[in-house]
Structures are given as C-alpha cells and as structure tokens.
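[1] Give me the fold of what follows.
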Amino acid sequence: MKLSQIYSNNPRLFVPIQFNGIVDNELSVIFARVKKPKDAQRDSHNLGKTLLIDLIDFLLLKNLNDVPQHFLSKHAILFADWVFYLEIQTPKGTYITVKRAVKDNTKIAFKFHAKPLKPEQGSVAIPDKWDHTDVTLDRAQQLLDGQLSLDAIKPFPYRNGVGYFLRTQADYHDLFQLMKTKEGADKTWKPYLAKVFGIDPELVTKKYELDEEVNELKKKVDEIQQTVPNVRTKNLNELRMEVSSRRQQLNETEGRLDGFKFAQEELRISKEVAGELEEEDADLNERISNLDYDIGQMRASMQRSVTFDLQQIEKVFKETQTYFAPKLTKEYQELVQFNRIITTERSKFLNQQIKELEKERAELATRKAEVDEKRSRYYEILKERDTFKRFKGLQKEQASQRAQLEQRLLQIKHLQELLVVEQNHKAVQIERTKVVADIDAQVSQGTEIQEQINMDFARMVRRVLALNGAVFLQMNQNGNIDPKYTADPPKTDAGQSSQGDGNTYRRLLCILYDLAVLKAYSKKPFFRFVYHDGILETMDDRKKIALLKLLAEFSVETGVQSIFSVIQAEMPEDADGNRIEFTEGQIIKELSDVGVNGRLFRMAPF
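    Numbering: from 1, shown residues only. Take a look at the predicted model:
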C-alpha cells in the first residue's frame, strides 16, 4: 500500500501533490523554506505541513467523530464546498481513488483503475465515473480494507495500523502507543501490536475479555455477599443442618404452646441458656479478644521502622581511624533501599491482613450481639411467674424462631446463588491463567518476525545514534504483554537508565522503530509508506546527516515510500559548513513564509 497523489476540487487553493516512490525510490519531502529569516512576524512552523498528515488520514477514512479537533471539523464552514481525492497503490500494483467531501463526509466514493490517473494540463484527475458512490463510512472502510488486502495484519483492518505510519509530532512520545490511543484502554492497541510482533492477537484479546469477565463476576460476588454479610458459601451445608434443627425446634415449640405445656419449653430454654449460649458467648469473647490483640500487634509493627544513619557509621569509622571503603557506602545504600522496598511491601500485606481481621471481628461482634439479645430474652421468660405473660413471652419466642428460620432460608437461597457465581468466577480465573500461560510461552519463546524487527532496529540505532538498541515484548504483573525498548551506550549494563528517554532521542527511536517494522514486513502484504512530521527538529547535525542517509538507502533497499516534512532551518551542514539540500525531484511540496502561496492551503491562516 502506497500513496500516489492527493488533490481536491479546488486546485488553485490546494495544489495537487504527487508522491515519489511509485515508479522510483526517491524520498518524498515536504519542505518548509524560510525566505525572510529576519522578519519576526513570520513563522515557518505554521505553513500547513502537519495538516497534510491529517488530510491523508481523512482520506484514509478516519472517523471525524473520533477527532473533534480535526481541522476539517473545526473549520467545517470554511471547507463546506471542498471535496478531496486520494489515489492509493494497492499491494497488487493496481490503484484506488478515494473521494470524500467535507460536508457529507460519511458518504464515500471509490474508483478502481489499473494505472495512475493523469491530470490534464492545469487541471486535476477527477474521474467521470465511479465504481461505488455514497458508501457509508463503516462500509467504505470495509470495502477499502478488502481491496488493500493487507493480509500481514489480519484479522485487523488497515485502520488499526495506519496511524503508526502517519506519525505526527504528538506521536513521538512513545514508540508503541500513539497519542490517539493514549486515553484508551490497552485492549484497543496491544492486540494489534502483538500481531506485529508475531504473537497470537486472539489470545491477547481473549485475555482482556477474560479480565472484564472476571471483574464483572467479582462485582456480582461482592453484591450478593453484601446480602449475607456474616456468612460464606463454605457455611452452606452448616446452614442447611441448622435450618433442619430450627424447623424441628419450631414444630416442638408450636406443639407445646398449643397444649399449654410450658415446662418442657422452659426446660429447653434453660438448657440452651446454660449450655449453648453461655459457651458460644465465652467463645466469641475469646475470639474477639484475640483478634483485637492481633490487630494491635500488626498496627504497632507497621509503626516500627529500621533506622540507619550512614553518616553516623562513617563518623564512627573515622573516629576509630578505620578505612571505610566507598564500595561499602554503595552496599549500605543498596541495603537501605532494599529495606525500604521490603518495608513497603510488608506494610501493604499487613494493611490487607488488618482489613480481613477487622471484617472478621465485625462479623463476630454481630453474632455476639445476637447471642446476648437471645440470652436476655430467654432470661425474661424464665423469670416470669405470671402464666399469661409466660405464654405471651413464649409466643414471642415462637415468632422469633420462625423469623430466624426464614432468615436462614433466605441466606441459603442467596448463598446458593453466590456459590454458582463464585464457581463461574473461579472457572474464568482458571481460563485466564491458562491464556496468560499461553501468551507467556509465546513471548518467552520469541518469534521470527520479532527477531527481525529487533535486528533491524538495533542495526539502525547503532548506525544513527551509536547506541545499543533493542525492542522486545515482556509480560507485566497483570499478565499482559508490555512492549519495551532500550537505547544505551555500548558499555551500559542491562536495566540501567536508557539514553533514549530524552525527547529528541525518543523521536529518532520512533522513526527507527517504524522503519524496522516496515523493513521486516517489506516482502509481505503490508503498509509500504511512512509519513514522519518534522523529523530533524532539535537534533544534532551528525545525527541528522546519518538519518537522512539511512532514509535514502532504506527507500532504495525496501521500496517503501519515505515521506517526511522538514524545516529549512533544521537542515544540517556538511563538514565544509554548507547546508545540505534536497534535490528538486525529492521535494514534492515546498512551503514558505512568503504570502498565502507558500501555504499548504493558499488562503489566509485558519
């Protein structure tokens, strides 16, 4: 897939642009020339070079609803009558012209043709007849995707990958994640990246789906658990036995009340008070006391910290005239840092333990309140001597027994629901663990395409930056893939600070990463163009010269279109102090700071 030409129905205001790299391997340069450097009112940064990327993306069927700040959205009235055209070369060597108007931008037209359309003198190559018209945006994306046949990225459509090869200034913040996906979830871009690195994207997508399913089931577990806060599914069989016992007890109580046989019921109550309730109360008191002690010990432990005064240690060594080797200072500092890490992790663990113990204590306290209330109620019944009042008291006890029985039955119902959800939750967790293991196995084993990308990236980084570079995947603590890169001086140990963390170096690394991917896929049905905005800004001249030379050789070697914008002031000087120039054939669009004719759109700034 390459870009052939871009034009509009207003050729006077937007001069058509023919891209190099279709019948040759020339660079395609958008060059912003400074013709009045002493004029402080002029600026070579606002001539429209970045707008061209947005325009190309628009014609590659970007949904403007996703980018409300797109210049065609912000200035919809200004461009209301405009229609734009993009001619694309497919991997098969045929051509597609995409027609998209600004006003009705969700209605797309296509023209398929074997050769590039040649514009007439002073005109543009607008086809008379179209193969498809008024195609809705979603359907148009599907249709274009089918025509492009980028099988190397299937099952993903071309829109998933095209952003990596339309790098704006905002997209240089990270090699792997574009600015447009920065606010989105990882699932919107990591599966595609996994595909690029040769990892099964369906597994990666499945992992994110299972994450969501696990979270939803956990949320449901918590919601049901709140309806039965003091019991767990492990108590289900115990509750069933308790219900059976309570039902029998209730039947006996009802029978005795019906026959006014108080003695046996009072004897049962007396035995329960003297035996079960007192024993349970004592047990609850002991367990609550133990929990209070454990919680107190944990809180006290969290307050303690290991103090180590390195300066004091050095002073003691000095006073005793004992040599304190610098290496010891480093080792002590590492020990202190290790201790801090351990303390932090320990505090997290203790906090979690305290929460669990406090929850258990609350449950025990609730049960103790129930036992105390029941015991008090039983004592009232046993102390009463008036027969009628004793009868009424036993009736209340009967009602209480019935209410408790119904409560237990409701708890059993909720616990049965909870058990099903917990089992589903556990099953999904097991499935997720298996998926993570499968992904980890692929990442650990590596892939041929990943090795090729890394090899080309390392070679280019070494050539342009004189650094050791690498790109690779690893698993993070959540079981997801994490793309990583390094760019370090030759003698830097792995894991040390990367020189590639600076903005200028990161810009270069983004460019080199894109080239490495395109190189690795150069013989596959994949993207065959890349557009980098402002490639030379804030860069050392030696790096600029090395990069420009690499880009020229890269285009010849791979046949990939290298399109980029550059400002004249950023062009490097050679060893003799002469500013390097592009050939006339390499510059496909020249912008300047002189009047509207120097702008991408020959009109007043908007």
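[2] Going by C-alpha atoms from here, please, whenever you check contacts or count neighbours.
    Noted.
[3] wait, what's in contact with L27?
    By C-alpha atoms under 8 Å, 6 or more residues apart in numbering, the residues touching L27 are 20-21, 551-552, 555, 561-563, 586-587.
[4] The same query, at a cut-off of 6 Å, please.
    562, 586 (C-alpha atoms under 6 Å, 6 or more residues apart in numbering).
[5] what are the phi and psi angles of the spatially most central residue of the chain?
    Central residue of the chain (C-alpha atoms, centre = their mean): D186, 2.4 Å from the mean position. The phi/psi pair for D186 (degrees, to the nearest 10) reads phi -60, psi -30.
[6] so how far is Q177 from it?
    In this view, D186 and Q177 are 9 Å apart by C-alpha to C-alpha, to the nearest Å.
[7] one step back: tell me how far the residue nearest to the centre of the chain lies from T205.
    D186 is 10 Å from T205, where distance means C-alpha to C-alpha.
[8] Pull the number of nearby residues for I108.
    For I108, the neighbour count with other C-alpha atoms under 10 Å is 22.
[9] what's the answer for A403, then?
    A403 has 12 nearby residues by other C-alpha under 10 Å.
[10] Can you name the helix or strand that it falls in?
    Using DSSP states H and E, the element containing A403 is helix 387-445.
[11] swap in R361?
    Here R361 is assigned to helix 326-383, by DSSP H and E.
[12] I'd like the average pLDDT over that helix.
    For helix 326-383, the mean per-residue pLDDT is 74.
[13] and L55, that's in a helix?
    Yes - judged by DSSP: H, G, I helix; E, B strand; the rest coil, L55 forms part of a helix.
[14] In the stretch 51-200 of the chain, where is pLDDT below threshold?
    For the stretch 51-200 of the chain, applying pLDDT under 70 flags the ranges 120-123.
[15] meant to ask about the stretch 451-600 of the chain
    For the stretch 451-600 of the chain, the stretches flagged by pLDDT under 70 are 490-502.
[16] Let's see that with 50 instead.
    For the stretch 451-600 of the chain, residues meeting the criterion pLDDT under 50 lie at 492-498, 500.
[17] what ranges do the helices span in it?
    503-520, 541-558 (DSSP state H, counting those that start in this stretch).
[18] gap between A604 and T50?
    16 Å.
[19] ok, now Q429?
    Distance check for Q429 against T50: by C-alpha to C-alpha, it reads 46 Å.
[20] So between the two, which is more surrounded?
    Between Q429 and T50, counted using other C-alpha under 10 Å, the more crowded position is T50 (20 against 17).
[21] So for that one, what's the nearest residue that isn't a sequence neighbour?
    Nearest residue to T50, sequence neighbours excluded (C-alpha to C-alpha, 6 or more residues apart in numbering): D533, at 6.5 Å.
[22] pretty sure that neighbour is touching F165, no?
    No - using C-alpha atoms under 6 Å, D533 is not in contact with F165; the gap is 10.4 Å.
[23] Quick check: can you list the domain ranges of the chain?
    By the assignment in automatic domain parsing, the chain contains the domains 2-150+527-598, 214-424.
[24] Any idea which of these gets closest to E451?
    domain 2-150+527-598 (18.0 Å; C-alpha to C-alpha).
[25] Off-centre distance for the closest one?
    Using C-alpha atoms, centre = their mean, to the nearest Å, the distance from the centre of domain 2-150+527-598 to the centre of the chain it belongs to is 30 Å.
[26] Start and end of it, how far apart?
    The first-to-last residue distance of domain 2-150+527-598 comes to 26 Å (C-alpha to C-alpha).
[27] one step back: Serialize the domains of the chain to CSV and add fields for distance to D488.
    Compiled in CSV, the domains of the chain are given as follows (distance: least, C-alpha to C-alpha, whole Å):
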stretch, distance to D488
domain 2-150+527-598, 16
domain 214-424, 23
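[28] so which of those domains gets nearest V436?
    Closest approach to V436 among the domains of the chain (C-alpha to C-alpha): domain 214-424, 13.7 Å.
[29] doesn't V29 fall inside a strand?
    Yes - membership of V29 in a strand is supported by three-state DSSP.
[30] Could you count how many residues lie near it?
    24.
[31] Enumerate every residue touching it.
    Applying C-alpha under 6 Å, 6+ apart, we find V29 in contact with 563-565, 586-588.
[32] separation between it and K49?
    Distance, V29 to K49, by C-alpha to C-alpha: 10 Å.
[33] E216 too?
    E216 sits 46 Å away from K49, going by C-alpha to C-alpha.
[34] the more surrounded of those two?
    For E216 versus K49, neighbours defined as other C-alpha under 10 Å are more numerous around K49 (25 against 13).
[35] on that earlier part again, of the helices of the stretch 451-600 of the chain, give the one that comes closest to K195.
    Of all these, helix 503-520 comes closest under C-alpha to C-alpha, at 11.7 Å.
[36] Give me the contact list for that closest one.
    Helix 503-520 is contacted by residues 172, 175, 452-453, 456-457, 500 when judged by C-alpha under 6 Å, 6+ apart.
[37] sec struct for G198, please.
    Following three-state DSSP, we place G198 in the coil state.
[38] With K111 instead?
    K111 falls in the strand class when you classify it by three-state DSSP.
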